[in-house]
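Participant: I'll drop the sequence and a predicted model, then ask my questions.
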Amino acid sequence: MFVTSRGSGQDMSRRVRQRVEENKVVSPSCCSVIGYEDLAPKAQHYVDWTSLSYDTVLLLFTRLNYRDRASLASTCRTWRSLGASSCLWTSLDLRPHKFDLSMASSLSTRCANLHKVRFRGLDSADAIVNLRARNLREISGDYCRKITDATLSMIAARHEALESLQLGPDFCERITSDAVKVIAFCCPKLRKLRLSGMRDVNSEAIESLSKHCPQLSDVGFLDCLNINEEALGKVASLRYLSVAGTISMNWRVAAESWEKLPRLTALDASRTSVDHVSVSRLFKSSQSLRVVCALNCPLLEHDVNFKGKLLIAKFDDNSKMPNDIFSHWRDLISNDETMRWIEWIISHSLLRMAESNSQALNNFWLNHGAKLLLRLMQSSQEDVQERAATGLATFIVVDDENASIDCGRAEAVMRDGGIRLLLTLAKSWREGLQSEAAKAIANLSVNANVAKAVAEEGGIDVLAGLAKSMNRLVAEEAAGGLWNLSVGEEHKNEIAKAGGVNALVKLIFRWPNGCDGVLERAAGALANLAADDKCSTEVARAGGVHALVMLARNCKYEGAQEQAARALANLAAHGDSNNNNAAVGQEAGALEALVQLTKSPHEGVQQEAAGALWNLSFDDKNRESIAAFGGVEALVALAKSCSDASTGLQERAAGALWGLSVSEANSIAIGQEGGIPPLIALAGSEAEDVHETAAGALWNLAFNPGNALRIVAEGGVTALVHLCSSSVSKMARFMAALALAYMFDGRMDEYAMIGTSSESASKSVSLAGARIKALKHIESFVTTFMEPQVFAAAALSSAPSMLAQVSEKVRIPEAGHLRCSGSEIGRFVTMLRNPSPILKACAAFALVQFTIPGGRHAMHHASLMQNAGEARILRSAAAAANMPREAKIFAKIVLRNLEHHHQAECSKGKKSVIL
């Protein structure tokens, strides 16, 4: 029977990511910074690790995260001693890996001199106290939404030497003023406190800070709902204050209170309702205030200029920014500490503005915002660099769900040298920078021009290298970059050459559970790569079949399931050129898993699973195995339930049934399971891909007379007649015509006669009317391909040139992708002897389509006909007096096609002998 596999080029639309997880490793202060390339050996040779100097070994330790550092220290006594050196454990970045109480306890013996910690989330926050780092001075955390007063109070109580506490930029919704009071009481040495997203900061909390923390100079209550402005005016030690994002500020009270602060040097009022009156008053009245940052403040309509003062507020669309605006500000301020603060608060505000995704800021981003972010990425502060890279990855995103970016913004980054800068950061040994730079590269690469620039700058090698990272966040973002770059055909082979395929497959084995982002991105990239014939072979060779099947079987995350199924579908789409189709079917659990995924509650998973089964059904063994695992029942149920689903799901559900129906047993089972009514409904779809695929399935099903009768009973003749006459798809019209030809070639009439005489009589009457209607539209379909003058000339002359003209006129290129079994070919040959001249012409027309040189399976069909001796019947048909003119011409063309294929086969044989 007939089936066509879906095309192999099923690239996934790209994904973009807004701000998500961050990570980095901080270099101990005692060690100098060197580049990635400085650590790479200059030549291939053996190294005696025991001969390395202690300084070199220590330098190697600094380049590792805490887990790898501890692992390396376990190799020998000497390295264990060096690995415990206090200079290696002054700083810890706990973000890349799971950090819980047990991990904290195992590290606690090394943390006596720990000064700085970066953590992520509630579990890590709870575990910090178990480090027993009494000398801890700096704590910085993100993803703090679930952190409560109790956890924060415990951290403060155990770390009395704390000088800096920063939580954000995500909101600390469960932290209240009570926790701030505990921090003030327990941490008298506190110098810096920055908290994001608190609901309320009351006067008691602020007065406690003023009373108990005499050295507190830097306070940031960012994106809070309510702040007591008057109480802040009593914190006499304040030098730097940020209330960015706090909309409910009373700026009259604030100006009255803060102008009295004796040391206030810089104020951040970005994204608030501050106006020029308040800014003017503060500048005039405060003797110490030098800087006010008021980015994206809608009420600040006028510039406020005071000699020796700096207002960072308006960037007019037509204004020209100095090439290095930060150097310009530094010249005005002449204070490095203040400049570091400016970099920090601007990076924070730009990230918040990027997350708001406001189109009103479009001109700002195009003219100034991109340049500011790129300049911040060159900061000496790692957290500023990371936040700037995250902002860059975010501000270009228009719609995360639909993988849409603003091409103008993306190309602005490229024009300003952003690609090279991002790749430089991605090659840094600091994992946090690697992660955020890779994320920005991934999002930018959605734009084809930027993707080309990334490839030309060596970005594919960089991302392939990062995909091998043991840091999950780095590997995840690198895989996302390879996913986007693998869309289209331009970069697939480069990714394979760079080792990207192996790296992506290993990611799935490395993090098979609990790392949904890694798995989805790795599988998505492999799916795009598998759409290429050559790369699909590389994926299989690297163990990709086993990895993807494991993912489809075991992963519970729908994103990873969808991409794994899509990857398997693309691997199976090269049935004529490699063994991947059979290999997927032979992989233990593959077909069963895909059948189960068609029952997923997520439409995307259903669609890709059905698509994979469609392609896999092209293989005879797979086809029967799918049915054995309940594929017929599952796909019929899917077809019944997808009437309101996307056209993609409808097409693949019908396509999978089309593929299974090649088998006579499956065809009967589909009919008995109730698969014909939903296919008839899908045949009525306005979407060309859907009704074309449904027509193919009904064509195969109509081969069985019982199914043919069911199609008539369910109103299928009307649907097929409509397709045959009205579809814009020649393929849909062709397959509808062939289905109708199957149904009314006489075999269904015999089947319908079984039963009581009264039932047979009524069936006979209804079938007679349907037959007349069907034959009329079959004739009309074939006639549309017959140009009168050409056919008249061909009837008078059998010259090859005339037959070639007719062949070109009637050819349906897509029909060359259809593959016939011997029984199907035999049925069309038998139809040449049918009493109906219309069916004779239709059968000959079909045989022309299946044997035209250049068709994907034309040689296969010619071989079937030659082996069965069908050429004799064709010659008789071409010479028969009772054969319609068009049928005779088509028969002559088929004979000519068979001769062509025979000669081509003989030519191949001669060449093989010569070789």
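Facilitator: Now that the structure is in, tell me what you want to look at.

Participant: Flag the shaky bits of this protein, pLDDT-wise.
Facilitator: For the chain, the stretches with pLDDT under 70 are 1-47, 301-304, 315-322, 575-577, 750-765, 908-915.

Participant: so how far is the biggest helix by length in it from its chain's centroid?
Facilitator: Secondary structure assigned by DSSP state H gives helix 885-914 as the longest helix of the chain. Between the centre of helix 885-914 and the centre of its chain there are 46 Å (Cα atoms, centre = their mean, to the nearest Å).

Participant: so what's residue 405 up against?
Facilitator: 16, 396, 397, 398, 443, 444, 446, 447 (Cβ atoms under 8 Å, 6 or more residues apart in numbering). The way it works is simple: take the backbone N, C-alpha and C, and place the C-beta from them, glycine included.

Participant: Of all pairs in these, which one is the farthest apart?
Facilitator: 398 and 444 (13.1 Å; Cβ to Cβ).

Participant: Between these two, which is the more surrounded one?
Facilitator: For residue 398 and residue 444, the more surrounded residue by other Cβ atoms under 10 Å is residue 444, and the numbers stand at 29 against 14.

Participant: ok, for the more buried one, nearest residue in space, not its chain neighbours?
Facilitator: residue 450 (4.6 Å; Cβ to Cβ, 6 or more residues apart in numbering).

Participant: do residue 212 as well
Facilitator: residue 184 is the one closest to residue 212 (Cβ to Cβ, 6+ apart), at 4.4 Å.

Participant: For that neighbour, give me its contacts.
Facilitator: Contacts of residue 184 (Cβ under 8 Å, 6+ apart): 190, 205, 208, 209, 211, 212, 213.

Participant: name the element it belongs to?
Facilitator: helix 177-186 (DSSP states H and E).

Participant: mind listing what's buried in that helix?
Facilitator: 177, 179, 180, 181, 182, 183, 184, 185, 186 (16 or more other Cβ atoms under 10 Å).

Participant: what's the following helix or strand after that helix?
Facilitator: Next element after helix 177-186 (DSSP H and E): strand 192-196.

Participant: Show me what that next one is packed up against.
Facilitator: strand 164-167, helix 177-186, strand 218-222 (3 or more Cβ pairs under 8 Å, 6 or more residues apart in numbering; DSSP states H and E).

Participant: Let me know the angle separating the longest one from strand 192-196.
Facilitator: Translated: helix 177-186. 170 degrees (axes from the mean of the first three to the mean of the last three Cα atoms, to 10 degrees).

Participant: May I have helix 177-186 as PDB, with CA atoms only?
Facilitator: Coordinates of the C-alpha atoms in helix 177-186 are reproduced here as PDB (Å, rounded to 0.1, in the frame of the first residue of the first chain):
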ATOM      1  CA  SER A 177      10.500  44.700  58.500                       C
ATOM      2  CA  ASP A 178      10.800  42.300  61.400                       C
ATOM      3  CA  ALA A 179      13.700  40.500  59.700                       C
ATOM      4  CA  VAL A 180      15.400  43.900  59.000                       C
ATOM      5  CA  LYS A 181      15.300  44.700  62.700                       C
ATOM      6  CA  VAL A 182      17.000  41.400  63.500                       C
ATOM      7  CA  ILE A 183      19.700  42.100  60.800                       C
ATOM      8  CA  ALA A 184      20.300  45.500  62.400                       C
ATOM      9  CA  PHE A 185      20.600  44.000  65.900                       C
ATOM     10  CA  CYS A 186      22.800  41.000  65.000                       C
END
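
Participant: residues of stretch 643-651 that come out buried?
Facilitator: Quick answer for stretch 643-651 (16+ other Cβ under 10 Å): 647, 648, 649, 650, 651.

Participant: What is the end-to-end distance of that stretch?
Facilitator: One end of stretch 643-651 to the other measures 11 Å (Cα to Cα, to the nearest Å).

Participant: Mind listing residues that contact it?
Facilitator: 603, 606-607, 610, 638, 642, 678, 681-682, 685, 687, 689-690, 693.

Participant: That one: how far from the chain's middle?
Facilitator: 21 Å.

Participant: One more: stretch 144-154?
Facilitator: 34 Å.

Participant: ok, now stretch 108-116?
Facilitator: 40 Å.

Participant: residues contacting the residue lying closest to residue 675 once chain neighbours are set aside?
Facilitator: Nearest non-adjacent residue to residue 675, counting by Cβ to Cβ, 6+ apart: residue 636, 4.2 Å away. If you count contacts by Cβ under 8 Å, 6+ apart, residue 636 has them with 657, 670, 673, 674, 675, 678.

Participant: what about residue 636, which SS state?
Facilitator: What DSSP: H, G, I helix; E, B strand; the rest coil gives for residue 636 is helix.

Participant: What's the separation between it and residue 662?
Facilitator: Residue 636 sits 16 Å away from residue 662, going by Cβ to Cβ, to the nearest Å.

Participant: Also residue 338?
Facilitator: Taking Cβ to Cβ, one finds residue 338 at 75 Å from residue 662.

Participant: Now do the helices in the stretch 151-300 of the chain.
Facilitator: 177-186, 203-212, 229-232, 251-258, 276-285 (DSSP state H, counting those that start in this stretch).

Participant: Write the ChimeraX selection for whichever of the contacts of residue 184 are buried.
Facilitator: To isolate the buried ones among the contacts of residue 184 in ChimeraX, judged by 16+ other Cβ under 10 Å, type:
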select :190,205,208,209,212,213
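
Participant: Quick check: residue 112 touching residue 135?
Facilitator: Yes: using Cβ atoms under 8 Å, residue 112 is in contact with residue 135, at 7.2 Å.

Participant: Could you check how many residues crowd around residue 210?
Facilitator: 18.

Participant: An error on my part: the question was meant for residue 69.
Facilitator: 21.

Participant: so which helix or strand takes in the residue of the chain positioned farthest from its centre?
Facilitator: Most distant from the centre of the chain: residue 881, at 62.1 Å, with distances by Cα atoms, centre = their mean. Counting by DSSP H and E, residue 881 is held by no secondary-structure element, helix or strand.

Participant: Next: residue 662.
Facilitator: Using DSSP H and E, residue 662 falls outside every helix and strand.

Participant: Okay, helices next: where are they in the stretch 351-500 of the chain?
Facilitator: Ranges of helices in the stretch 351-500 of the chain, per DSSP H, counting those that start in this stretch, are 362-364, 370-376, 382-395, 407-415, 418-426, 431-444, 448-456, 459-466, 472-485, 492-497, 500-510.

Participant: Pull the residues that contact the fifth one.
Facilitator: So that's helix 418-426. 370, 374, 377-378, 385, 389, 392, 413, 433-434, 436-438, 440-441, 444, 450, 453-454, 457-459, 462-463, 466.

Participant: which of those are buried?
Facilitator: Counted by 16+ other Cβ under 10 Å, the contacts of helix 418-426 give 370, 374, 377, 385, 389, 392, 413, 433-434, 436-438, 440-441, 444, 450, 453-454, 457, 459, 462-463, 466 as buried.

Participant: Let me see the domain layout of this protein.
Facilitator: Using the TED database, the domains assigned to the chain come out as 62-135, 355-457, 460-629, 657-751+765-779, 786-914.

Participant: thinking again about what came up before, would JSON lines of the helices and strands packed on strand 192-196 with distance to residue 508 be doable?
Facilitator: Listed next are the helices and strands packed on strand 192-196 as JSON lines, based on distance: least, Cβ to Cβ, whole Å:
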{"stretch": "strand 164-167", "distance to residue 508": "34"}
{"stretch": "helix 177-186", "distance to residue 508": "41"}
{"stretch": "strand 218-222", "distance to residue 508": "39"}
